[in-house]
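>>> structural data only, the sequence is not supplied:
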């Protein structure tokens, strides 16, 4: 599938689909995959699942199973991405306008504004090209995965499962992160460091205020994203891998782990990763070590 997709991309004038990966060594790709896996396992909405167990041994098994399924997920995503992009191109490129209009899934996505068709050269066919002046098929990257079940003509119940899974993942992530943000500020920061005499009602009110502020903050950046959603998610996962994951693993498996060590490790990981992200994003740090 990847070889076919590479050839299709080249034939259309795009670089090979795997071109970005050829610039990295296998060791680099391996560590990127590992950081993604452990970062996903360290996100707050996943961490809370580790505490819904009766004892430490069960928590260890919970961590192990979580890492296993996250590893499976992380290693299958590239295959899904390649298949989804190939199917989208194969179903749209060089098709007649009439043929595309007969595709039920294409009409639905076109109504959302995330998929657009314009026969610029009036030849009756739609071409996908890298040149914005001649490109006649415009699609938002977010629809590639979501439209795949419909493009593949899978049964409606499969499409419903994909939609339900995406919605459940979004709600689970949002609720987990909001809960962690509110409890961390209200209990760990305000109650333990600022006002140890605070009552439960005061902490509850502060927690609700933090939820509202977090929703407003995330909502603004959701409407005005600073980058592509995958880039932002990758940054978050990378920071989680460098801060939460070491503390979680050591806290579960090493009895010598203490509060001071965990906090120090998370601060070092956060500072190092943040400096690296800023350096690569804005100051070309990635090229510094290449001479």
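Yes, it's here. These figures come from a predicted structure and were not determined experimentally. Numbers count the residues shown, from 1 in each chain.
>>> show me where the stretch 1-150 of the chain has its helices.
For the stretch 1-150 of the chain, helices defined by DSSP state H, counting those that start in this stretch occupy the ranges 2-12, 19-22, 26-42, 44-47, 56-92, 97-101, 104-112, 143-151.
>>> as CSV, those with mean neighbour count, mean pLDDT and distance to residue 203 would be great.
All C-beta spots, glycine's among them, are computed from the backbone N, C-alpha and C. Below are the helices of the stretch 1-150 of the chain laid out as CSV (neighbours: other CB atoms under 10 Å; pLDDT from 0 to 100; distance: least, CB to CB, whole Å):
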stretch, mean neighbour count, mean pLDDT, distance to residue 203
helix 2-12, 15, 79, 52
helix 19-22, 11, 65, 47
helix 26-42, 17, 80, 25
helix 44-47, 18, 68, 18
helix 56-92, 15, 80, 26
helix 97-101, 14, 85, 56
helix 104-112, 14, 86, 42
helix 143-151, 19, 81, 40
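>>> among those helices, which is nearest residue 274?
Comparing the helices of the stretch 1-150 of the chain by their distance to residue 274 (CB to CB), the top pick is helix 26-42, with 14.3 Å.
>>> and that closest one, how far out from the chain's middle?
13 Å (CA atoms, centre = their mean, to the nearest Å).
>>> centroid-wise, who is the farthest residue in the chain?
residue 197 (39.8 Å; CA atoms, centre = their mean).
>>> doesn't it belong to a strand?
No - under the criterion used here (DSSP: H, G, I helix; E, B strand; the rest coil), residue 197 is coil, not part of a strand.
>>> how close does it get to residue 203?
11 Å (CB to CB, to the nearest Å).
>>> list the residues that contact the closest residue to residue 73 other than its chain neighbours.
Counting by CB to CB, 6 or more residues apart in numbering, the nearest residue to residue 73 once its immediate chain neighbours are dropped is residue 40, at 7.6 Å. By CB atoms under 8 Å, 6 or more residues apart in numbering, the residues touching residue 40 are 46, 70, 73, 74, 237, 240.
>>> could you dump the helices of the stretch 1-150 of the chain into TSV and include distance to residue 137?
Output for the helices of the stretch 1-150 of the chain, formatted as TSV (distance: least, CB to CB, whole Å):
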stretch	distance to residue 137
helix 2-12	10
helix 19-22	21
helix 26-42	30
helix 44-47	36
helix 56-92	5
helix 97-101	9
helix 104-112	10
helix 143-151	12
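>>> which one of these lies closest to residue 217?
Among the helices of the stretch 1-150 of the chain, helix 44-47 sits nearest to residue 217 (CB to CB), with 15.7 Å.
>>> in which helix or strand does residue 206 reside?
According to DSSP states H and E, residue 206 maps onto helix 200-223.
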